[in-house]
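Colleague: requesting a structural model of the entry that follows:
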Amino acid sequence: MITKLQTHTIADWEAMPHGDGNRYEIIEGELFVSCSPGLTHERVLVRLILLIGNFLETNPIGEIVANVGVILSDSSAVIPDIVVFLKEQYDTIITNDRLTGPPALVIEILSPGSANIRRDRVTKLQLYAKYRVAEYWIVDPLNMALERYVGKGPSLVFLETLRDEDTLSTTTLPGFSCKVSEIFRPIGK
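Modeller: This next block holds a predicted model:
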C-alpha cells in the first residue's frame, strides 16, 4: 500500500504553534521543523544585522529583518534567518505582517546537522530560485565562509565563495561592503 504524503498549506502553517521554540516551514507542501538556532548561529546573525543595518541607516534603500515569515505560494512559507527588501518592493511584497513575495536578498546561516545543511543548500536554494529571489547568501560559520548566488532568469547561479579578508559586496545593496572576517567576529572583540 502506498501512503500519500500530506500536503500542507499556508493555512496549516499559520495555525502552527510559532512560539514554542521550533521553526516551522512549508516548502512545496512539505513540512520542515527545526529547533531554535545555537549561539554561534545567533552571533553571526547579529553581526550581519549590524553590518547591513548600519549601511541601510545611512543609505535608506531598504530594510533588513530577521526570522520573519515569507510566503511564496499557497504551499511554501519559510522563515529565513535574514531578509532584505528594498523600498521599491514595499507595495508588492508586504501584506499585513508578512512578506508575501521574494525579497531582494535572503540570507541563511547554516546550523549543524546534515538535514539543516541540505535544507539550506538544496531545498531552499531551489525554492528561492523558483520564486526568483534576486540574491541568496549561505553563511557557513563552521568554515567561516559565505557563498553568493545571484538570480539569472529562473535560476540562482553560484557566483563566489568568500572567506577571511575577502571583501563582500553586492549590487543588491550598491555601496555596501565588508570583510568576511567581520561577519564571524564576536561583538565587542
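Colleague: phi and psi next, for Ile138.
Modeller: Phi and psi for Ile138, reported as degrees, to the nearest 10, are phi -110, psi 120.
Colleague: centre of the chain to whichever strand or helix holds Leu56, how far?
Modeller: Assigned by DSSP states H and E, Leu56 belongs to helix 39-58. Centre-to-centre, helix 39-58 and its host chain are 13 Å apart (Cα atoms, centre = their mean, to the nearest Å).
Colleague: how about the helix or strand that it is followed by: buried residues?
Modeller: Sequence order places strand 62-66 as the next helix or strand after helix 39-58, per DSSP H and E. For strand 62-66, burial by neighbour count (16 or more other Cβ atoms under 10 Å) applies to Gly62, Glu63, Ile64, Ala66. Where C-beta positions appear, they are placed from N, C-alpha and C, glycine not excepted.
Colleague: could you say what helices and strands the helix holding Leu56 packs with?
Modeller: On a contact count with 3 or more Cβ pairs under 8 Å, 6 or more residues apart in numbering; DSSP states H and E, helix 39-58 meets strand 62-66, strand 82-86, strand 105-109, helix 180-184.
Colleague: quick one: mean pLDDT over that helix.
Modeller: Helix 39-58 shows a mean pLDDT of 97.
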